[in-house]
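Q: Mind looking at a prediction? Sequence and model below.
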Amino acid sequence: MARWIRFVVTALAFAAVDCASGSAPAVLTFSGSVVGREGDVIRRQLDRFQREHPSIRVAVRATPDAADQRHQLYVHWLNARASEPDILQLDVVWTPEFAAAGWIANLDRFHPPLEAFLAPAVAAARWNRSVYALPWFVDVGMLYWRTDLVPHAPRDLGELTSLARGRDDRGVPFGFVWQGARYEGLVTVFLEYLGAFGGRVLDDRGAVAVDSEPAQRALAAMFDAIYVDGVVPPSVLTWQEEQTRFAFQNGQAVFMRNWPYAYGLLEEPASTVAGRFAVAPMPAAPGGAPTATLGGSALAINAHSDQPDDAYALVDYLLQPEQMIERARIAGEFPTRPALYSTRELAAAISMPLADALAIIERATPRPITPVYSQLSEILQVSLHRALTRQQPPRDALREAAVAMRALLAAARLGPPA
Amino acid sequence: MTRRGWGWPVVTAVLVVALILPLYWAVLSSLTPESRLFAAPSLVPRALVLTHYRALFEEHDFWVPIVNSLVVAGVTTVVSVVLGALCAYAAARLRFRGKAPLLAFVLAVSMFPQIAIVSPLYVVLRAAGLLNSYPGLALPYLSFAMPLTIWLLVGYFRQLPSDLEEAALVDGAGRLQAFREILLPLAWPGLATTAILTFLYSWNEFLFALSFTLGPERYTVPVAIALFRGQYQVPWGQILAGAIVATVPVAAVVVVAQRRIVAGLASGAVKG
Amino acid sequence: MTAASPPPVAPPSWRRREARLAWALVLPALGIIAAVAVFPIGWTVWESLHLHDLRMPWLGRPYVGLANYAAAMGDRRFWSAVGHTGVFAALSVSIELTLGLVLALGLDRVRRAAGLVRTAVLLPWALPTVVVALVWRFIFESPAGLATALAARAGVTAPTWFADAVAAWVPIVLADVWKTTPFVALLLLAGLQAIDPALSEAAAVDGAGPWRRFTGVTWPLLRPALLVAFLFRTLDALRVFDVVYVMTGGGPGTATEPIALYTFGTLLQNLRFGFGAALSVIVFVTAFGLALAAIRVLGSDAFLERRP
């Protein structure tokens, strides 16, 4: 029996040692999406970087693909003041949170060429007037429409509804599909409707405005699209990106709101709509403007990194135009340098017409830039979903969300920059 | 029981079929090509393919969570059965003050809701650098495995006749010797049942595994299949294939040890 | 609670030695339980008196007294989570006990292929809850899942299950019933088989019909087993987490969110440790109180003694 116990204790001890030992110093650690095509492209670029900088070695640390899980892992690492990983791929909405927590380095001292990047993406990477991350690739919400079913992209939301209504005689079951499950995607869709009506979540002073008149109209429009106009199927309230893509790809929908990734997949031979669709900015309503929620990733440097200069060298390398174009070609992710959208190289790298892409990207609007964005978003997710699943009138849901958001901002004590 | 009607066999058969049917549907769907998954459901198999299973292991390294689960459940089982047997022997056979409170305490701990200890365990494991590690999962698992094993084994030991041990004691054997040489050989069926049940619970556990693992390299099988999706995807075929793979060890144990498990359940000592 | 009697003559020194040995055997297990279960509870209580938000490290970790508890008491989401937990427990446990009793009575009469039937019954119980939840979620997936398709074939328009605050409970409760009815049935079967068949036969000789025999003989003798099954299942149902996490994530909105899921989300997704700890303590006190009441009702022997 005693032998058994000793065996178990030894086994536990070994396992503990195994997990505690990290890699040796003087190696940069990069963490982010490293599977699939994204993995191919990052490994290629890191290899090239190491060949050009023989004194620097780069190790890759895999992270979960689901945003929540990756966020939790980052918090775990950074909150413990670990010096690794040196470089982090951040979701665009995390930068202010990590900056306010003191977890990522202020990049001002490197004088990054901010004017070369998309302005809203840079804005989303700032906190307290300093820049804490650099935009790596952009995602934007856009409207996919069937060129064989409707004559042109809708010029406003009203026209979208009427075009979507006309589908019945063509045997297309759904007019318009978007991401309506209770998750971050629902908020991104809502922000596009919100912009379409001229509303905001936080106003310029940072005060909560999600119960304003335009916001009420925006949520009412989403609600009516499902229950009054009948152009959006109630199933979308359980759908994320892929379910909408499947519906559109199988020819079941006239319009779809989605990210750029769908474009290449819809052009593949298996798709029934290949060659029969196009993209446009999400249409606006009177009083608002076409809005494309900004997504994507930024690169940041761990505030406790032992080698911030080398880390910045790598970040700078990954943000060079050639790397961005390669990334667009292999992983289908859009560059953050507007200048590239007039180059032949990028036109050759992505399947979407550049003019269309640029027209949408110019509409890119960041989500509220605040360290407590995740919490605000969760409040909004619950309230929006309650309203859209008819558990609460939209007006009450938004009012309740606004109250909860104001309480959160007060509790967070995020005063004006010191 | 005196008359044999048709009523009971039919009712029983219907219930048993109802228990099997969803599982059958899952197996069937895991063998159906992705494009046909949601098209005109039919209970009769048509084109069966192994693509989802192949993708599971080739693209998603499903071996990793399987190994993690085996290690964590295995270590938990060994530690809790070994220490639990010692403790249970003392509680079943030895006389000492404080035994009744001890048993009540063990019973009480087995009623702890897991969610109530998640946050402190998270904080402690993080401070000890054990988050996302095997010991960081096996240790929390002991919080439910230890009471379970003690509880089952005390009941089992008590049920065994004690005269042989007493004879040995009279012959001058020590207590430990009597335990090792007389009780243990008699008790192995009970130990096996206990080990099987502990392993099942550890293999199936979700909340702790979800809370204390941080990345795919340490996910256990339930966590891996629950979080199984790409940035945008819901690959139902592969999810179901993963679910079936997670079921295989459990099903094997049930088929081999069903008699024992039922006996263990009948002891009234096992939670649902 | 009769321990093995010690050898007839037991001098005091021998007794002391035995007690020492007993504690030596008990302590490792006890130490582990204290470290991984009891100590964390104490820590949780302490944590619940602080403001500790991992996502807002700039706020520090000040002592706030009972503020977290006050916040919970005024939190609508908390109370609705409590309500959901209660509704889920009431629904699933009552269905499980009913179906479990029927299944047990049926299994008691199975003579052929008993092993096969037992395996079939045991399988759902032994599956990981995550697997069960995924299988049922797949069946109820909208708009083309099996449940919706079957409903359509029967001429009924099924709701969008997971987008409907009421309909979303159907797959959740079904999955739980499917997984746990076998457990209840086997527990009750053991109770049934402990009943002396002679009693029922004697009643039959006296001219009692099947229903009279059930209400007069089986039911009263089965009551203890039913009570055990009821209490175990209720305590377990109040902890429900896995099924809901996998199936609906608590949605639509928060219409199916039980207390364990709300606590989990607060702790490990929002990383609000102070408030989450207060929720944990409330859950702990409630569940533990109920458990103690259950032990009172049954007597701890019911938990410890093996029935033949």
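A: Nice, thanks for sending it over. Residues are numbered from 1 along each chain as shown, chains lettered A, B, ... in the order given.

Q: Tell me, what's the model's pLDDT at C:Leu298?
A: C:Leu298 carries a pLDDT value of 71.

Q: Please read the previous query as pertaining to B:Gln159.
A: 84.

Q: Quick check: it vs B:Leu184, distance?
A: For B:Gln159, the distance to B:Leu184 (CB to CB, to the nearest Å) stands at 15 Å. Placement of C-beta: from N, CA and C, glycine included.

Q: And for A:Arg399?
A: 68 Å.

Q: Equivalent analysis for A:Gly36, please.
A: On the measure of CB to CB, A:Gly36 and B:Leu184 end up 52 Å apart.

Q: now do C:Pro197
A: 36 Å.

Q: same thing with B:Leu125?
A: B:Leu125 is 34 Å from B:Leu184, by CB to CB.

Q: How about A:Thr336?
A: In terms of CB to CB, A:Thr336 sits 68 Å off from B:Leu184.

Q: out of those two, which sits in the busier spot?
A: A:Thr336 (25 against 14; other CB atoms under 10 Å in any protein chain shown).

Q: doesn't A:Gln323 make contact with that one?
A: No. The criterion here is CB atoms under 8 Å, and A:Thr336 misses it with A:Gln323 at 11.4 Å.

Q: anything in stretch B:185-195 near chain A?
A: No. Figure legend: stretch B:185-195 not in contact with chain A (CB under 8 Å from any CB of the partner chain); closest approach 12.3 Å.

Q: Pull the residues that contact that stretch.
A: B:77, B:81, B:84-85, B:148-149, B:152-153, B:156-157, B:160, B:164, B:184, B:257, B:260-261, B:263-264 (CB atoms under 8 Å, 6 or more residues apart in numbering or on different chains).

Q: among these, which are in helices?
A: Counting by DSSP state H, the contacts of stretch B:185-195 place B:77, B:81, B:84-85, B:148-149, B:152-153, B:156-157, B:164, B:184, B:257, B:260-261, B:263-264 in helices.

Q: Which PyMOL command selects the buried ones in those residues?
A: The buried residues among those can be selected in PyMOL (16 or more other CB atoms under 10 Å in any protein chain shown) with this line:
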select buried, chain B and resi 77+81+84+85+148+149+152+153+156+157+257+260+261+263+264
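
Q: And B:Gly136, what's its pLDDT?
A: Confidence score, pLDDT, at B:Gly136: 94.

Q: What count of nearby residues applies to it?
A: 26.

Q: Check which helix or strand it maps to.
A: helix B:135-159 (DSSP states H and E).

Q: in that helix, what counts as buried?
A: So for helix B:135-159, counting by 16+ other CB under 10 Å, buried means B:135-158.

Q: ok, now stretch A:156-165?
A: A:Leu157, A:Leu160, A:Thr161, A:Leu163, A:Ala164.

Q: How about the first one: what's its closest non-neighbour residue?
A: Spatially, and ignoring its direct neighbours in sequence, A:Leu157 is nearest to A:Ala285 (4.5 Å; CB to CB, 6 or more residues apart in numbering or on different chains).

Q: okay, now the one you found: neighbour count?
A: Neighbours of A:Ala285 (other CB under 10 Å): 19.

Q: mind listing what whichever residue of the stretch 101-250 of chain C sits closest to chain A touches?
A: Nearest residue of the stretch 101-250 of chain C to chain A: C:Ala163, at 3.6 Å (CB to the nearest CB). With contacts taken as CB under 8 Å, 6+ apart, C:Ala163 has the following neighbours: A:Gly180, A:Pro234, A:Ser235, A:Leu237, A:Thr238, A:Thr389, C:Ser142, C:Pro252.

Q: Please report the distance of it from C:Gly145.
A: 13 Å.

Q: At the geometric centre of the chain, which residue do we find?
A: Picking chain A for this. Nearest to the geometric centre of chain A sits A:Gly295, at 2.8 Å (CA atoms, centre = their mean).

Q: looking at chain C here, not the other one
A: Note: chain C centre (CA atoms, centre = their mean) maps to C:Asp236, 1.2 Å.

Q: related to what we said a few turns ago, list the residues that contact the residue nearest to A:Leu157.
A: Per CB under 8 Å, 6+ apart, neighbours of A:Ala285: A:Asp156, A:Leu157, A:Gly158, A:Ala196, A:Phe197, A:Arg217, A:Ala221.

Q: If the first one is in a bridge, with which residues?
A: Same thing as A:Asp156. A:Ala284 (DSSP bridges).

Q: how about low-confidence regions in the chain?
A: With no chain named, the answer covers chain A. Confidence mapping of chain A against pLDDT under 70 gives the ranges A:1-26, A:168-169, A:415-418.

Q: Chain C is the one I meant
A: C:1-11, C:299-308.

Q: which parts of it sit against chain A?
A: Counting by CB under 8 Å from any CB, chain C sits next to chain A at C:28, C:54-59, C:77, C:141-143, C:160, C:162-165, C:249, C:251-255, C:268-271.

Q: which of the residues you listed count as buried?
A: C:28, C:54-57, C:77, C:141-143, C:160, C:162-165, C:249, C:251-255, C:268-271.

Q: hmm, back to that, mind giving me the packing neighbours of the helix or strand where the residue nearest to the centre of chain C lies?
A: Element membership for C:Asp236, per DSSP H and E: helix C:219-237. Packing partners of helix C:219-237 (3 or more CB pairs under 8 Å, 6 or more residues apart in numbering or on different chains; DSSP states H and E): helix C:76-108, helix C:169-193, helix C:273-298.

Q: Show me what secondary structure element comes after it.
A: helix C:242-247.

Q: Walking through the stretch 251-400 of chain A, point out its helices one by one.
A: Remark: helices assigned in the stretch 251-400 of chain A by DSSP state H, counting those that start in this stretch are A:261-266, A:308-318, A:321-331, A:344-349, A:354-361, A:373-388, A:394-412.

Q: Including distance to A:Val60 and mean neighbour count, could those go into JSON lines?
A: Compiled in JSON lines, the helices of the stretch 251-400 of chain A are given as follows (distance: least, CB to CB, whole Å; neighbours: other CB atoms under 10 Å in any protein chain shown):
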{"stretch": "helix A:261-266", "distance to A:Val60": "22", "mean neighbour count": "20"}
{"stretch": "helix A:308-318", "distance to A:Val60": "12", "mean neighbour count": "19"}
{"stretch": "helix A:321-331", "distance to A:Val60": "15", "mean neighbour count": "18"}
{"stretch": "helix A:344-349", "distance to A:Val60": "23", "mean neighbour count": "15"}
{"stretch": "helix A:354-361", "distance to A:Val60": "29", "mean neighbour count": "19"}
{"stretch": "helix A:373-388", "distance to A:Val60": "26", "mean neighbour count": "23"}
{"stretch": "helix A:394-412", "distance to A:Val60": "34", "mean neighbour count": "18"}
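
Q: now for the ones you listed, which one comes closest to chain C?
A: Closest among the helices of the stretch 251-400 of chain A, using CB to the nearest CB: helix A:373-388, at 3.5 Å.
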